[in-house]
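Enquirer: I'd like to go over a predicted model; first the sequence, then the structure.
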Amino acid sequence: MTVQQLEHLADGLSVSACGQTVVLDRTRVRTRRDGHDVAFIVAGTRLAPRLHLRANQLASASWEDISGALQQIVRRLVCTGQA
């Protein structure tokens, strides 16, 4: 997967979490020497998760791998109410 594909996937991704559907918004991917920093907002909340992917993680990941990881992060945050 490329950075551009990741941005396209994450921006607007809908996630079902604890009986509600939330949407990822304003996805930004910054390339760093040791990988990629991914930041986004969960629309309608104050949640603004960030994660770091090593360069080889992104390069070898499929659309499903990254989508599943983002959904898992968002579900955990929304369902526990952590910011």
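Expert: Noted; the coordinates are in hand.
Enquirer: List the beta-bridge partners for the residue found closest to Q71 once you drop the neighbours it is linked to in the chain.
Expert: Of all residues not flanking Q71 in the chain, V15 sits nearest, at 4.9 Å (CB to CB, 6 or more residues apart in numbering). Quick note: C-beta positions are derived from backbone N, CA and C, even for glycine. V15 forms beta bridges with V22, as assigned by DSSP bridges.
Enquirer: just the helices in this structure please.
Expert: For the chain, the helices defined by DSSP state H cover 3-10, 55-60, 63-80.
Enquirer: right, so of these, which gets closest to D25?
Expert: helix 3-10 (9.2 Å; CB to CB).
Enquirer: in that closest one, what's buried?
Expert: Within helix 3-10, the residues that qualify as buried are L6, L9, A10, counting by 16 or more other CB atoms under 10 Å.
Enquirer: Name all residues that make contact with the residue nearest to D25 when sequence neighbours are not counted.
Expert: Spatial nearest neighbour of D25, excluding adjacent residues (CB to CB, 6+ apart): A43 at 4.4 Å. Shown in contact with A43 (CB atoms under 8 Å, 6 or more residues apart in numbering): V22, V23, L24, D25.
Enquirer: Now that we have these, which of them are buried?
Expert: Those of those that meet the buried threshold are V22, L24, by 16+ other CB under 10 Å.
Enquirer: if I pick the nearest residue to S67 once chain neighbours are set aside, what's in contact with it?
Expert: Nearest residue to S67 in three dimensions, chain neighbours excluded: L9, at 6.1 Å (CB to CB, 6+ apart). When contacts are counted by CB under 8 Å, 6+ apart, L9 touches M1, W63, I66, S67, L70.
Enquirer: What is the burial count for the second one?
Expert: Neighbours of W63 under the rule other CB atoms under 10 Å: 12.
Enquirer: go on, the fourth one?
Expert: Taking other CB under 10 Å as the criterion, the count of residues near S67 is 16.
Enquirer: that older thread, pLDDT and distance to A48 added to the buried residues of helix 3-10, as JSON lines?
Expert: Output for the buried residues of helix 3-10, formatted as JSON lines (pLDDT from 0 to 100; distance: CB to CB, whole Å):
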{"residue": "L6", "pLDDT": "90", "distance to A48": "17"}
{"residue": "L9", "pLDDT": "88", "distance to A48": "18"}
{"residue": "A10", "pLDDT": "90", "distance to A48": "13"}
